[in-house]
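K.L.:
Quick one: sequence plus predicted model below, questions after.
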Amino acid sequence: MLSNYLPIVILAVIAIVLALLLMTLSKVLGPSRPNRTKLQPYESGMDPVGEARDRYSISFYLVAMEFIVFDLEVVFVYPWAVRYLDYGVGTLVAMTVFIITLFIGLMYTVKVGTLNWDMKKGMFN
């Protein structure tokens with residue numbers, strides 16, 4: 001039974017060894033000329049200003065949660081869509097309710113203004 005997992009274990013070991021080997025070679029053979037500018041934190045092309053613990057608008061977190069929700073929707077809908085003819089009407093109804101629920105949530109967030117990035121008008125700014 002465990003012999004079935006042997007190729008997976010071998011592949012994982014090869015991947016880990018190769019990753020460690022390439023990182024080590026990069027560190028040893030690559031140029032290393034650190035200076036103050038290179039060692040400064042990178043903030044999407046902008047100079048970091050203020051403390052790292054500053055408060056951010058809740059809109060950033062809400063958009064991230066929406067992304068996760070709709071990403072999970074794909075995880076559930078895609079396998080169902082590939083094999084929907086093999087399933088009964090019950091799964092069609094369940095998936096329809098699932099998609100409608102997510103659509104209502106999306107309409108709510110659009111109405112509330114979570115996706116509105118204008119700093120003067122958004123509700124959660």
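P.N.:
Cool, the structure landed. Residues are numbered from 1 along each chain as shown.
K.L.:
Please identify the buried residues of stretch 89-99?
P.N.:
Neighbour-count burial for stretch 89-99, counted by 16 or more other CB atoms under 10 Å, picks out Met95. C-beta: built from backbone N, CA, C; applies to glycine.
K.L.:
Average pLDDT for that stretch, rounded please.
P.N.:
What stretch 89-99 shows for mean pLDDT is 91.
K.L.:
Check what contacts that stretch and list those residues.
P.N.:
Judged by CB atoms under 8 Å, 6 or more residues apart in numbering, the contacts made with stretch 89-99 from elsewhere in the structure are Glu73, Phe76, Val77, Trp80, Tyr84.
K.L.:
Please report how far the most centrally placed residue in the chain lies from Ile58.
P.N.:
Note on the chain: the residue nearest the mean C-alpha position is Ile68, at 6.6 Å, using CA atoms, centre = their mean. Separation of Ile68 from Ile58 (CB to CB, to the nearest Å) stands at 15 Å.
K.L.:
export the lowest-mean-pLDDT helix or strand in the chain as PDB, just CAs?
P.N.:
Ranking every helix and strand in the chain by mean pLDDT, DSSP states H and E puts helix 36-39 at the bottom, with a mean of 81. Taking Å, rounded to 0.1, in the frame of the first residue of the first chain, the C-alpha atoms of helix 36-39 are listed here in PDB:
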ATOM      1  CA  ARG A  36      21.400  51.100   1.500                       C
ATOM      2  CA  THR A  37      18.900  51.500  -1.400                       C
ATOM      3  CA  LYS A  38      18.800  47.800  -2.200                       C
ATOM      4  CA  LEU A  39      18.300  46.800   1.400                       C
END
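K.L.:
what about Val69, how many neighbours?
P.N.:
Using other CB atoms under 10 Å, Val69 has 13 other residues around it.
K.L.:
My read is that it contacts Thr109, right?
P.N.:
No. Val69 lies out of contact with Thr109 (CB atoms under 8 Å); the separation is 9.9 Å.
K.L.:
list residues touching both of those two?
P.N.:
If you check Val69 and Thr109 against CB under 8 Å, 6+ apart, no residue is contacted by both.
K.L.:
Surely Ile8 is in a strand?
P.N.:
No. According to DSSP: H, G, I helix; E, B strand; the rest coil, the state of Ile8 is helix, so it is not within a strand.
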